[in-house]
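1. Take a look and give me a structure for this.
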Amino acid sequence: MTRFLLVMPPLTGHVNPAAGIAAELTARGHDVAWTGTESVLRPLLGADARVLGTGTRAFRAQGGHGLAALRSLWEGFILPYARFTAKPLDAAVREYRPDVLLVDQHTPAGALVAHRHGLPWASFAPGAMELGRPYRALPRVEAWMTGLLRGLWERARLPAEKYVDPRFSPALVVATSGPALTGSTVPPSPALAAVGPVIADRPHDPGFPWERLLPGRRRVLVTMGTLAGELGADFLARAVRALELCGGSVQPVFAAPRALLPELPPHALAVDRAPVLELMARGELDAVLCHGGMNTVGEALAHGLPLVTAPIRHDQPFVAARVAAVGAGPRVPFARVTPERLAAALLAVLGTTAYRDNAVRVGKDLLAGGGAVAAADRLEALGRADCPGTL
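-> Predicted coordinates:
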């Protein structure tokens, strides 16, 4: 038995795929614990999960686009979260005494703690931004990010000559993506395990109004992720109008806070959180309108669902571009798309078999990565000090 400690940020889209890997490790007889913000982790993981809390504090809301969004992410979340959790993570390692750490790329303090204690660690990449290095053509931007990470390394009082990028374990990087969604920008490496989407059971939602899913309708799930917030309100209003223009034969299912939505037509359905995987697995959806987040896109393609993507920030434009490149659905501009243009994109996806055929094909390619089973295999090998290579 190996003791695995999963170091995760308070972000649903990062915790959910990691939970599927944790479930596979547990099923193999290993001991698994989590560390992070318990108020976020506990509702997602359930009462039985062992969570070593790092405390709770508010962080600046992420905003902007392009380089402004990048600065917001690093200065408003990644850096302050790393500083805030450094000591609690060290205490969690001392208490739990793990054999291996799985560290999300957004929680670099976990890698620093692993290095300090001489423990093997793997990086967890649930998105494409770090893997694809979208700023490689802007060396000053990459140098800025490297400087921030070196600052964390120095703050942790680790030897400067032993510096490694805490986003990339030299031994193993577990990515919930695949070549279809990363393209040629990610070089092959023995340390990279591109396992594809992790499709794991989530608790059944007894509160979802299944009875309101109307028979004989084509159904579109609309979800803009957990971080869109008020930024998504204007887009959602345009999406409501677009789906009205699609006609009564199309039923929208909005997964968004009701306060962000305008008045809906009678046949539309809106919930704060939707059981996305259950809707997909039951065959209740025909297409997805989303922000281009890696998890939503991967899960949709794994179920053969075409998409319309409206990326907002971070790796979403990169993922949305890949969806369009493989023919699984068009990309529309989040800030400028009109209801009429959005309706046309949705009707094209719903009415063109090529989009669905491509989604099925790409989904099969992604699932060939092995998901949670492949991730657990590589993590077990790391625990045996049997990893095949380095980045």
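2. Every contact and neighbour count from this point should use C-alpha atoms.
-> Will do.
3. Give the next helix or strand downstream of the lowest-mean-pLDDT helix or strand in the chain.
-> Taking mean pLDDT, DSSP states H and E as the measure, the chain has helix 129-132 as its least confident helix or strand, at a mean of 69. Remark: after helix 129-132, the chain's next helix or strand is helix 139-155, criterion DSSP states H and E.
4. And the contacts of that following helix?
-> 79, 82-83, 109, 112, 135-136, 160, 163, 165-166 (CA atoms under 8 Å, 6 or more residues apart in numbering).
5. now the strands for the stretch 251-391 of the chain?
-> 269-271, 287-290, 307-309 (DSSP state E, counting those that start in this stretch).
6. among those, which gets the worst mean confidence?
-> For the strands of the stretch 251-391 of the chain, mean pLDDT drops lowest on strand 269-271, to a mean of 93.
7. For that strand, buried residues please.
-> Neighbour counts using 16 or more other CA atoms under 10 Å place 269-270 of strand 269-271 among the buried residues.
8. With stretch 160-174 instead?
-> Quick answer for stretch 160-174 (16+ other CA under 10 Å): 164, 166-174.
9. Also stretch 37-44?
-> Buried residues in stretch 37-44 (16+ other CA under 10 Å): 37-38, 40-42, 44.
10. tell me the mean pLDDT over that stretch?
-> 93.
11. cool, stretch 144-162 as well?
-> Here the average pLDDT along stretch 144-162 is 95.
12. and it, how far from the chain's centre?
-> How far stretch 144-162 lies from its chain's middle: 26 Å, per CA atoms, centre = their mean, to the nearest Å.
13. can you check stretch 284-299 too?
-> Centre to centre, stretch against its chain (CA atoms, centre = their mean), the figure for stretch 284-299 is 11 Å.
14. what does that stretch rub up against?
-> Residues contacting stretch 284-299 (CA under 8 Å, 6+ apart): 13, 17, 126-128, 176-177, 196-199, 218-225, 277, 279, 300, 305-312, 315-317, 319-320, 346, 349-350, 363, 366.
15. May I see the PyMOL selection of the buried members of these?
-> Selecting only the buried entries of the contacts of stretch 284-299 in PyMOL, with 16+ other CA under 10 Å as the criterion:
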select buried, resi 13+17+126+127+128+176+177+196+197+198+199+218+219+220+221+222+223+224+225+277+300+305+306+307+308+309+310+311+312+315+316+317+319+320+346+349+350+363+366
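16. Quick check: helices, which of the contacts of stretch 284-299 are part of them?
-> Among the contacts of stretch 284-299, DSSP state H puts 13, 17, 277, 279, 300, 316-317, 319-320, 346, 349-350, 363, 366 in helices.
17. how near is Phe208 to Ala302?
-> The spacing between Phe208 and Ala302, counted by CA to CA, to the nearest Å, is 23 Å.
18. Counting neighbours, go ahead and name the busier of these two.
-> Ala302 (24 against 14; other CA atoms under 10 Å).
19. Was I right to think that one contacts Leu366?
-> Yes. Between Ala302 and Leu366 there is a contact at 7.0 Å, judged by CA atoms under 8 Å.
20. still on that earlier bit, can I get the buried residues of stretch 160-174 in TSV including distance to Arg356 and secondary structure?
-> Converted to TSV, the buried residues of stretch 160-174 look like this (distance: CA to CA, whole Å; DSSP: H, G, I helix; E, B strand; the rest coil):
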residue	distance to Arg356	secondary structure
Val164	42	coil
Pro166	38	coil
Arg167	35	coil
Phe168	35	coil
Ser169	36	coil
Pro170	38	coil
Ala171	37	coil
Leu172	34	coil
Val173	31	strand
Val174	28	strand
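21. Could you look up the SS state of Asp201?
-> Secondary structure, DSSP: H, G, I helix; E, B strand; the rest coil: Asp201 is coil.
22. if we can go back for a sec, next, format the contacts of helix 139-155 as JSON lines and append distance to Arg258 and secondary structure.
-> Output for these, formatted as JSON lines (distance: CA to CA, whole Å; three-state DSSP):
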{"residue": "Leu79", "distance to Arg258": "32", "secondary structure": "helix"}
{"residue": "Ala82", "distance to Arg258": "33", "secondary structure": "helix"}
{"residue": "Arg83", "distance to Arg258": "35", "secondary structure": "helix"}
{"residue": "Ala109", "distance to Arg258": "36", "secondary structure": "helix"}
{"residue": "Leu112", "distance to Arg258": "40", "secondary structure": "helix"}
{"residue": "Tyr135", "distance to Arg258": "36", "secondary structure": "coil"}
{"residue": "Arg136", "distance to Arg258": "39", "secondary structure": "coil"}
{"residue": "Ala160", "distance to Arg258": "50", "secondary structure": "helix"}
{"residue": "Tyr163", "distance to Arg258": "47", "secondary structure": "coil"}
{"residue": "Asp165", "distance to Arg258": "41", "secondary structure": "coil"}
{"residue": "Pro166", "distance to Arg258": "39", "secondary structure": "coil"}
